[in-house]
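In: need a 3D model of the following:
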Amino acid sequence: TGNAGEPTGTFMGAAPNAGIIFVAWAGLQGTFRLTDSALVADACDYIFNQATAMGMPCVINISNSDDQGPHDGSSLGQEFLDNLLNTPGRAITLSAGNSNDRNSHASGQVAQGATQNVAISYLANATRSDVIEIWYDGHDRFDATVTAPTAPATVVGPVAAGAAANAALPGGQQIQVNSILNDPRNGDNFISIIITANAANPIPTGNWTIAITGNTVINGRFQAWVDRNNRAQSDFQAPHLTANEMTLGDLSTTIRAITVGNHQKPAPGNISGSSGCGPTRDSRIKPEIAAVGSNVTSCRSRNMNAVNPGNFYVDMSGTSMSAPLVAGAVALLFQCRGAAQTWADIKQVLEDTADFTDPALPGGVLAIPHNAFGFGRLRMANACARPATDVDVWLREFVGDLGAEPAAWVSWASPDIEILDQNHNPI
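Out: Have a look, this model is predicted:
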C-alpha cells in the first residue's frame, strides 16, 4: 500500500489486509548455525503466540538460510518449527536459498579401500571464517585428510572416523577437522572442517583438497556443502561439483514448512539458475512450489532515524522474494478456507493448484515432482474453491538401489493411508 511520497496503492502485497508482525534480528556471523538458532525459534514462537492471543491464523515467512547441517530436516531447530505447526491455523514458508549456481555443493561415491579427492578453491579476499561439512551414511567409516595450499602445504590428517585434529597455518589461520560418528540428529556421520580467518589473515587462495578414504563402506555415498560465508570466493571443483540437486539451504529442508523456489516473470516462468534445488538428503521433495522472485519490487529495509533513510522500495531477486509471496497466498487461503486448515491442508492445496505446464518441453509439461519447481508455479485463481483432497505422501524410488545396504522396512498400519503410483493406481 502507499507510503509518504508514494500514492496509495502504488504497490500492493499478496495479502494487503493481513496484519503483520515483524521481528528483526541481528543475524548470525561466521560459523554459527542458523537452523538451530534460538533467535529463530524464539521469534517464531513469539509470533504464533501473538496470533493465538488475537484468535487469528498465522503464516510466518523466513527468508534466510545457511548450508551447515544434515539437510534432512532432523536438526533440533527444525523439529521445534515442526512442533509449532501441530496447531491448526499455522504455516511457515521458507526460501529455498540461492546456492544452486554458486558451486557450494559436492557429492560422490567412495569405494571400499579407495580415496576420493574433493577439491574446493578459494579466491582472494575470502576473509570470513568458513565451514565445510561432509555427510555420509552412519554404517560407513571414512578417513579424512585436508591439505591446505600453503607453502609448504599444510596437511591435517588422516583423521579417522570419530577422531579430531587441528593445525595452525603460516598466516595465523586455523584448521579444525572433526569426524563425528552417529550424529544424534539422524544417526549419520559427518566430517566438519572449520577454517578460521579474518580480514588480516584471509583463507589461503588456491585448491584445498579433502581426501576421503573408505575404511568400512556399505553405502559409500557422501554429500558436501560449504557455507555461504565466502560466497563467490569458494567453489567446489569437478568432478565432485554438483548442481541442480540438493542445493537447498539446511533450514529449507524443514519437513512441515513450505519451501519456495524462484522463477522468472516472463511466461512460462523459467526457474532462476540460482534457485535452490531438492531433493533433501533424505530424499523428500523440496521445494514444494515456486513463485515469482526475480526483479520483485518490495519494501526496503532502512534506518528511519537516519538523516536520509533512502527509498521506501527496492527491486530485488531471489528466493527471499518468492517465499513472502507464497506466505501472502497462504494468508489468503486461511481467509477463504478457514483457520482450521493445517499445514498439510495448505501445502496440499498449493500443490494441487500449481501450474506445471511448459510449452518448450516435450509433452508441454514439467516432470513433476521437479527438483527446482517442486509441484509447479504458484497459482491462486482456483485455490479457494478447490475441494479438499487427501494429503499426498510421496515416496521416491531409486532404481539403482540394489538393497545391499541395511534397509528399514516401512509398513502402513492405518487404513486411511493408501500407497499409489503417480497415476493414482494402487501399488
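
In: tell me which helix or strand of this structure sits lowest on mean pLDDT?
Out: Sorting the helices and strands of the chain by mean pLDDT, DSSP states H and E puts strand 296-299 at the bottom, at a mean of 86.

In: next secondary structure after it?
Out: Under the assignment DSSP states H and E, the closest C-terminal helix or strand after strand 296-299 is strand 313-316.

In: what's the helix or strand following that following strand packed up against?
Out: Using DSSP H and E, the next helix or strand after strand 313-316 towards the C-terminus is helix 319-337. Packed against helix 319-337 by the contact rule (3 or more CB pairs under 8 Å, 6 or more residues apart in numbering; DSSP states H and E) you find strand 58-62, strand 90-95, strand 258-263, strand 289-292, strand 296-299, helix 343-353. Bear in mind the C-beta positions are built from the backbone N, C-alpha and C, glycine included.

In: same thing but 7 Å
Out: strand 58-62, strand 90-95, strand 258-263, strand 289-292, helix 343-353 (3 or more CB pairs under 7 Å, 6 or more residues apart in numbering; DSSP states H and E).

In: out of these, flag the one nearest residue 79.
Out: In terms of CB to CB, the element of these nearest to residue 79 is strand 90-95, at 13.0 Å.

In: give the partner strands of the closest one in its sheet and their orientations.
Out: strand 58-62 (parallel), strand 258-263 (parallel) (DSSP bridges).

In: mind checking how far the longest strand along the chain is from the chain centre?
Out: Counting by DSSP state E, the longest strand found in the chain is strand 206-216. Here strand 206-216 is found 25 Å from its chain centre; the criterion is CA atoms, centre = their mean, to the nearest Å.

In: other residues contacting that strand?
Out: Residues outside strand 206-216 that contact it (CB atoms under 7 Å, 6 or more residues apart in numbering) are 110-122, 134, 140-149, 158, 193, 220, 222, 237.

In: recalculate using a threshold of 8 Å.
Out: Contact with strand 206-216 is made by 108, 110-122, 132, 134, 139-149, 157-158, 160-161, 191, 193, 220, 222, 224, 237, as judged by CB atoms under 8 Å, 6 or more residues apart in numbering.

In: swap in stretch 367-385?
Out: With CB under 8 Å, 6+ apart as the test, stretch 367-385 has contacts from 100, 244-245, 259, 261, 263, 269, 271, 275, 277-279, 285-292, 325-326, 329, 332-333, 336-337, 349-351, 353-356, 366, 394.

In: list the buried ones in it?
Out: If you call a residue buried by 16 or more other CB atoms under 10 Å, then stretch 367-385 has these buried ones: 369-380, 383.

In: measure it end to end?
Out: 26 Å (CA to CA, to the nearest Å).

In: cool, stretch 80-90 as well?
Out: 14 Å.

In: cool, and stretch 359-370?
Out: Its start and end residues considered, stretch 359-370 measures 16 Å (CA to CA).

In: and the average pLDDT for it is what?
Out: Averaging pLDDT along stretch 359-370 gives 88.

In: before we move on, the earlier item: narrow the contacts of strand 206-216 to those in strands?
Out: Among the contacts of strand 206-216, the members falling in strands (DSSP E) are 108, 115-122, 132, 134, 141-148, 157-158, 191, 193, 222, 224.

In: out of those, which end up buried?
Out: 108, 116-122, 132, 134, 141-148, 157-158, 191, 193, 222, 224.

In: in stretch 213-231, what counts as buried?
Out: 213-214, 217, 219-220, 222-231.

In: identify the farthest-apart pair in those residues.
Out: Largest separation among the buried residues of stretch 213-231 by CB to CB: 217 and 231, giving 32.5 Å.

In: please save the CA atoms from stretch 13-27 in PDB.
Out: The C-alpha coordinates for stretch 13-27 follow below in PDB (Å, rounded to 0.1, in the frame of the first residue of the first chain):
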ATOM      1  CA  GLY A  13       1.200  -7.100  -1.400                       C
ATOM      2  CA  ALA A  14      -0.300 -10.500  -1.900                       C
ATOM      3  CA  ALA A  15      -2.500 -10.200   1.200                       C
ATOM      4  CA  PRO A  16      -2.900  -6.400   1.700                       C
ATOM      5  CA  ASN A  17      -5.400  -6.600   4.500                       C
ATOM      6  CA  ALA A  18      -3.400  -9.000   6.600                       C
ATOM      7  CA  GLY A  19      -1.900  -7.900  10.000                       C
ATOM      8  CA  ILE A  20       1.900  -8.000  10.100                       C
ATOM      9  CA  ILE A  21       4.200  -8.900  13.000                       C
ATOM     10  CA  PHE A  22       7.800  -8.100  12.100                       C
ATOM     11  CA  VAL A  23      10.700  -9.500  14.200                       C
ATOM     12  CA  ALA A  24      14.100  -8.100  13.400                       C
ATOM     13  CA  TRP A  25      17.200  -9.900  14.500                       C
ATOM     14  CA  ALA A  26      20.900  -9.200  14.400                       C
ATOM     15  CA  GLY A  27      21.700 -12.200  12.300                       C
END
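
In: which residues are contacting it?
Out: The contact list for stretch 13-27 (CB under 8 Å, 6+ apart) reads 1, 39-40, 43, 46-47, 50-51, 54, 56, 64, 324-325, 327-329, 331-332, 335.

In: what pLDDT does residue 17 get?
Out: Looking at residue 17, its pLDDT is 89.

In: which SS state does it fall under?
Out: Using DSSP: H, G, I helix; E, B strand; the rest coil, the structure places residue 17 in coil.

In: how many residues are close by it?
Out: 9 (other CB atoms under 10 Å).

In: mean pLDDT and mean neighbour count added to the strands paired with strand 90-95, as JSON lines?
Out: Shown next, in JSON lines, are the strands paired with strand 90-95 (pLDDT from 0 to 100; neighbours: other CB atoms under 10 Å):
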{"stretch": "strand 58-62", "mean pLDDT": "97", "mean neighbour count": "24"}
{"stretch": "strand 258-263", "mean pLDDT": "97", "mean neighbour count": "30"}
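
In: wait, which of these is closest to residue 299?
Out: Of the strands paired with strand 90-95, nearest to residue 299 by CB to CB is strand 58-62, at 12.8 Å.

In: show me what the next helix or strand after that closest one is packed against.
Out: Remark: after strand 58-62, the chain's next helix or strand is helix 76-84, criterion DSSP H and E. For helix 76-84, the elements it packs on are helix 38-53, strand 90-95, judged by 3+ CB pairs under 8 Å, 6+ apart.
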